[in-house]
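Participant: coords please:
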Amino acid sequence: MGSEYDRVFALKDEGKSKSQVGDLCGMDRRKVKGILESLTNVKEYHPYSLIDKSKWPDIKRRIEELHEINNEVTISQVIDDIKEKYAEKIGAYCVSQVRESSGLIRKQRKYGHFVREANRPKRVEWAPARKAEKEMFSNVFFADEASVEIDNKTSFVWVKACDPYAHIAERPKHPQRVMIWLAISMMGPAEIKIVGPRESFKSEDYCKVLEDFYLPAATALYGGYCRLAHDNAPVHMSAFTKTRMAEIGVEVMPWPAESPDMMPVELAFAYMKERLRSHYKPKNKAELIESILKFKDDFLTPKYCQDTIRHIHKAMNQVIDREGFPVRGSKD
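Facilitator: Numbering: from 1, shown residues only. A predicted model of the protein is given here:
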C-alpha cells in the first residue's frame, strides 16, 4: 500500500491531474483524491518525486521566498526556479501545497489610488483625530466633481450558442460625457450641477457652483450651520476659491490629500455610474444629462446618503490599519 501511495503522490508532484493519476495507477479519481487528502491532512506534506529528499526544507523555503519577492509569481516560474537552483523536479501540486501551508490565498487584484509616501502619515493622523473628536459628520456636505460618460456595456451577456455575433455590441470611439458636481449629506443631497468639460472648469466656476447649489442646500437642510468637505483639487484650494468661500461664509472641513477612499461622495458616484449603465441606459448626451438629474430623485434618498456617509468610519479604521496606504472595499 505504501508504494501505491508513493506513486500517487509522485505522479501528482509531476503535474498530473487526479484523472491522469487514476488512469496510470488503475484506480478511480475519487480514490486518488482520498489518498491525497488523507495523507496531507494527517502529516506535513512533502513531495515524493524528489531525488534527494533532504533538499525539501530548502526547496520549501525557496518557494515561500519566491512568493514574498513577487506575489504574482506563477507556478511554472516556481517550478523552473527550483529545477535550476536545486536540480529537482516538482509539480503544480507541490507548489499549491506550499502555498496552502504558508497561508497564501488567491485573490483578484484590485487597484487603489496612488498615495505618496509623504501623505500616508497625514492620512493616519487625520483619521484618529476625527475619532478622538467623536466626529459623526452629521452636518457635513461631501462634494466633488466627476466625469460621467455613456457606458451601456456589461461584462457578460446571455446569448444563444447558435448566434456567433450576439455578444458583440457597438461602442462609440469617443462616448458622450459630461462633468458634474455632486454633494451628499446626512440630510440628503444637494441639487446636481452639470458643469461641462473639465478643462473649462476654473476656480470662478467652482465658486459659482457653491453659491448656486451648495449654499441653497445648506440653508434648506441645515439652516446654514454645516460644513463642506472637498478634496485638494486645484480649483478647491486656489487663493481665489479660499477668499471667495470666506466671503460667502462657506466653512470647510480639512481633508487629507489623496484620500478619495475615505470620501463618501466617491461611493455615490460609483453608484450613479452603475445605475446609468444598468437602469437608465442613456443613448445620447441629452438622455445622459436627464438620467443623471433623475438619479438624484430616484436613488439619492436620505437613507442612502446616511448609510454611505457612515461608511467613512470603516474607511478610517482601514486607513489606520493600512498605515496610510489606500484601501478599497469592505474586505480590504
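
Participant: can you pull the contacts of residue 104?
Facilitator: Going by Cβ atoms under 8 Å, 6 or more residues apart in numbering, residue 104 touches residue 67. C-beta coordinates here come from the backbone N, C-alpha and C atoms, glycine included.

Participant: that's a helix at it, yeah?
Facilitator: No. Looking at residue 104 with DSSP: H, G, I helix; E, B strand; the rest coil, it is coil, so not inside a helix.

Participant: next, give phi and psi for it.
Facilitator: phi -80, psi 130 (degrees, to the nearest 10).

Participant: please report how far it lies from residue 45.
Facilitator: Look at residue 104 and residue 45: by Cβ to Cβ, to the nearest Å, they are 14 Å apart.

Participant: likewise residue 185?
Facilitator: Taking Cβ to Cβ, one finds residue 185 at 56 Å from residue 45.

Participant: cool, residue 120 as well?
Facilitator: For residue 120, the distance to residue 45 - Cβ to Cβ - is 39 Å.

Participant: swap in residue 289?
Facilitator: For residue 289, the distance to residue 45 - Cβ to Cβ - is 60 Å.

Participant: now do residue 137
Facilitator: Using Cβ to Cβ, residue 137 is found at 50 Å from residue 45.

Participant: and what of residue 260?
Facilitator: Distance from residue 260 to residue 45, by Cβ to Cβ: 44 Å.

Participant: repeat for residue 146
Facilitator: 50 Å.

Participant: same thing with residue 11?
Facilitator: Relative to residue 45, residue 11 is positioned 15 Å away (criterion: Cβ to Cβ).

Participant: neighbour-wise, which of the two wins?
Facilitator: residue 11 (23 against 19; other Cβ atoms under 10 Å).

Participant: now that one, nearest residue through space, not along the chain?
Facilitator: Spatially, and ignoring its direct neighbours in sequence, residue 11 is nearest to residue 21 (4.6 Å; Cβ to Cβ, 6 or more residues apart in numbering).

Participant: correct me if wrong: the one you found contacts residue 33.
Facilitator: No. Contact criterion Cβ atoms under 8 Å: residue 21 and residue 33 do not qualify, at 9.5 Å.

Participant: my read: residue 32 touches residue 20, true?
Facilitator: No. If you go by Cβ under 8 Å, residue 32 and residue 20 don't touch, sitting 9.2 Å apart.

Participant: which of these two has more neighbours?
Facilitator: Neighbours were counted for residue 32 and for residue 20 using other Cβ under 10 Å; residue 32 has more, 23 against 15.

Participant: element containing the more buried one, please.
Facilitator: Following DSSP states H and E, one finds residue 32 within helix 29-42.

Participant: what about that helix, average pLDDT?
Facilitator: In this model, helix 29-42 carries a mean pLDDT of 73.

Participant: try stretch 95-108
Facilitator: Averaged over stretch 95-108, pLDDT sits at 85.

Participant: just the buried residues of that stretch, please?
Facilitator: Within stretch 95-108, the residues scored as buried using 16 or more other Cβ atoms under 10 Å are 95, 97-99.

Participant: gap between the residue nearest to residue 327 when sequence neighbours are not counted and residue 127?
Facilitator: Counting by Cβ to Cβ, 6+ apart, residue 318 is the residue found nearest to residue 327 once chain neighbours are left out, at 4.0 Å. Per Cβ to Cβ, residue 318 is found 9 Å from residue 127.
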